[in-house]
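Enquirer: I need the structure of the sequence given here:
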Amino acid sequence: MIVAGEIIGGVYGAWRLARRDPAGLIWFDDSPAGFWHSFWGPALVLPGFLVLQTIDGTFADGIALPLVVNLIAYVIGCVAFPLAVAHIADGLQRSATYCRFIVAYNWSAVIQMAVLLPVAVLVHLFPGNGLAILNLAATLVLLVYQAYIAHVALAVTPGTAGLLVLLDLLIGALIQMSADRLLT
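Expert: Okay, the predicted model is just below:
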């Protein structure tokens with residue numbers, strides 16, 4: 001079972017990385033147990049994900065089926081990218097930094113949701129007030145944040161880090177398109 005100190009350390013480390021401080025990596029437990037505990041990061045932001053889905057209109061025609069489909073898609077999304085990167089890390093000779101990267105990646109979900117959720121709520125509450133630019137800017141900043149995490153935690157070049165972010169986006173889009181298809 002995870003303890004509060006590990007959650008605080010994980011979120012604080014992710015916050016330090018968001019401030020472009022590579023020393024944030026020391027706050028992560030990259031042991032096998034820490035690897036598995038880091039999946040609490042995505043679990044903690046699940047309510048925020050559901051709020052974002054609600055804002056997007058996912059539950060406009062019902063709750064039960066969209067909720068089940070989106071929860072399954074969320075879990076698949078939480079494991080698909082780490083599984084893909086496990087193989088890629090081997091090919092890049094970065095197996096030694098794989099756990100550290102996934103731990104940082106998972107805890108960064110908390111920071112990302114802390115940015116995305118308020119922006120999405122503002123855009124939803126005040127449509128047409130130029131806040132769409134704020135949404136785009138927040139998204140771009142978070143993509144750079146993800147690339148920075150890959151760069152420092154996996155110890156890869158910025159170009160490779162960017163490709164990993166692109167892979168994450170593609171996997172996420174494929175999963176969401178599949179979920180949406182199940183709901184039509």
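
Enquirer: buried residues in stretch 40-50?
Expert: Buried residues in stretch 40-50, counted by 16 or more other Cβ atoms under 10 Å: Trp40, Gly41, Pro42, Leu44, Val45, Gly48, Phe49, Leu50. In this view, the C-beta of every residue, glycine as well, is placed from N, C-alpha and C.

Enquirer: ugh, wrong one, stretch 13-22
Expert: For stretch 13-22, a neighbour-count test (16+ other Cβ under 10 Å) marks Gly13, Ala14, Trp15, Arg16, Leu17, Ala18 as buried.

Enquirer: how about the last one, nearest residue that isn't a chain neighbour?
Expert: Right, the one you point to is Ala18. Distances taken as Cβ to Cβ, 6 or more residues apart in numbering place Ile111 nearest to Ala18, at 5.1 Å, with adjacent residues excluded.

Enquirer: before we move on, what about the third one?
Expert: With sequence-adjacent residues excluded and distances taken as Cβ to Cβ, 6+ apart, Trp15 is closest to Ile111, at 5.9 Å.

Enquirer: need the pLDDT of the residue nearest the centre of the chain.
Expert: With distances taken as Cα atoms, centre = their mean, Ala109 lies nearest the centre of the chain, 4.0 Å away. As predicted, Ala109 sits at a pLDDT of 98.
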